[in-house]
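Peer 1: below are the sequence and a predicted model; questions follow.
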Amino acid sequence: MQSKCTNKYAVIRMVLRSSAWGGLLMAMSLLNLQAERAANLSGKDRHTENQLTSHLEGCAIFPSDNIWNTPIDCSPVDDHSALFIETIGAGTGLHADFGSGLWKGEPIGIPYVTVPGEQPGVSISFKYDDESDPGPYPIPPDAPIEGGSDRHVLVLDRDRCILYEVFAAFRQEDGSWRAGSGAVFNLQSQALRPAGWTSADAAGLPILPGLVRYDEVAAGEITHALRFTAPRTRREYIWPARHYASSRIEIQYPPMGQRFRLRANFDMSGFSQEGQVIMRALQKYGMFLADNGSAWFISGVPDERWNNEALSADFRRVKGVDFEAIDEFSLQMDTDSGQARGCVKDSNEVVHVPLGHDDE
């Protein structure tokens, strides 16, 4: 998939079997690749993309080597995986928190809207203004608002590739907005929120990059991590999350930002085509714990093309025990950056290593 933001990307597979010489060659190659990547990312306006990076209206949803777009099918299992899964619900089924039609008079899922770069900004005030990015925000008067108590509003400036997200949003009579919190994300940047800051999500993460979108599923592949909720979390966050929303300190509760993946041996035979696409994404990219909520609820965008019956049938076959929490420490390059190292499957094979980046 091509867009106005392109770069060189390569998937390198080195099969250097057991020999001291092979190990030395691999180590030297990795050092060279990392040095080249660091040099190419030094420019403020540089960013990366490839044919696998999630796109929306011409914008890459973060650089290709961002943690949202990094496969974790080879990452090690977290030492506390079994505890986390038992706490969330080992026997509890997965749930698609999105679909077609209405639920209690509202669309099912988290909607978003895209606007041009010249969309006028409007004034917005925040309850938690000390952890919110100040306005104005380019929210159109008819912006869709998520149903329920969270009332998220997501706006993508499709010309500048800047994402605006708001929690607990209420439009005022004078055209301004009042909200709980708000965050602005430059989708060409690797920068995370300031440490300890919330966003429109409890974990301080962006929401839109983790949503299941129908067009991706219909195309046959989701190439990013998803977003989900759990009833009880720990008073801690781990990279790339930036915020917690709990008073619990016991180790069995997962921290915000904990990533889970569907087990590689999960049998998805009999699933709908759409369900298989989503399950493969959960195996390869997994899902981030982003908020407190119902157990194993995966977020997505409302769309009249969703088959609610098929989604429900597929998802309820997947239980908590079918997942494993993973350890992302080996992928982290900097605590304040979303840039991630490539996924190392074993000592002889390296994949997902960006080689260089072109300017716009």
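Peer 2: Cool, the structure landed.
Peer 1: give me the phi and psi for residue 130.
Peer 2: With angles defined as degrees, to the nearest 10, residue 130 shows backbone torsions of phi -70, psi -10.
Peer 1: that one: how many residues sit nearby?
Peer 2: Residues within reach of residue 130, counting by other CB atoms under 10 Å, total 9. C-beta: built from backbone N, CA, C; applies to glycine.
Peer 1: from residue 178, how far off is it?
Peer 2: With the distance defined as CB to CB, to the nearest Å, residue 130 ends up 16 Å from residue 178.
Peer 1: same check on residue 103?
Peer 2: Applying CB to CB to residue 103 and residue 178 gives a distance of 25 Å.
Peer 1: show me the contacts for residue 112.
Peer 2: Contacts for residue 112 (CB atoms under 8 Å, 6 or more residues apart in numbering) come out as 144, 154, 155, 156, 208, 211, 301.
Peer 1: go with 10 Å
Peer 2: Applying CB atoms under 10 Å, 6 or more residues apart in numbering, one finds that residue 112 lies in contact with 56, 143-144, 146, 152-156, 163, 165, 207-208, 211, 213, 301-302.
Peer 1: likewise residue 129?
Peer 2: For residue 129, the contacting residues are 179, 181, 182, taking CB under 10 Å, 6+ apart as the criterion.
Peer 1: list the buried residues of the helix or strand hosting the last one.
Peer 2: It refers to residue 182. Under DSSP states H and E, the secondary-structure element containing residue 182 is strand 181-186. For strand 181-186, burial by neighbour count (16 or more other CB atoms under 10 Å) applies to 181, 182, 183, 184, 185.
Peer 1: and stretch 192-199, by the same measure?
Peer 2: By neighbour count with 16+ other CB under 10 Å, stretch 192-199 contains the buried residues 192, 193, 197, 198, 199.
Peer 1: which residues does the first one contact?
Peer 2: Spelled out, that is residue 192. Counting by CB under 10 Å, 6+ apart, the residues that residue 192 touches are 67, 185, 199, 204-206, 239-242, 334-339.
Peer 1: pull out the buried members of these.
Peer 2: Using 16+ other CB under 10 Å, the buried ones in those are 67, 185, 199, 204-206, 239-242, 337-339.
Peer 1: tell me which two of the residues you listed sit farthest apart.
Peer 2: Checked with CB to CB, the buried ones among the contacts of residue 192 reach their widest spread between 199 and 339, with 18.6 Å between them.
Peer 1: what pLDDT does the residue lying closest to residue 97 once chain neighbours are set aside get?
Peer 2: Excluding its sequence neighbours, the residue lying closest to residue 97 (CB to CB, 6 or more residues apart in numbering) is residue 297, at 4.3 Å. If you check residue 297, the pLDDT there is 99.
Peer 1: and for residue 166?
Peer 2: 99.
Peer 1: and residue 337, by the same measure?
Peer 2: The confidence metric pLDDT takes the value 99 at residue 337.
Peer 1: for it, which residues are in contact?
Peer 2: Residues touching residue 337, when contacts are defined by CB under 10 Å, 6+ apart, comprise 41, 66, 67, 189, 190, 191, 192, 239, 240.
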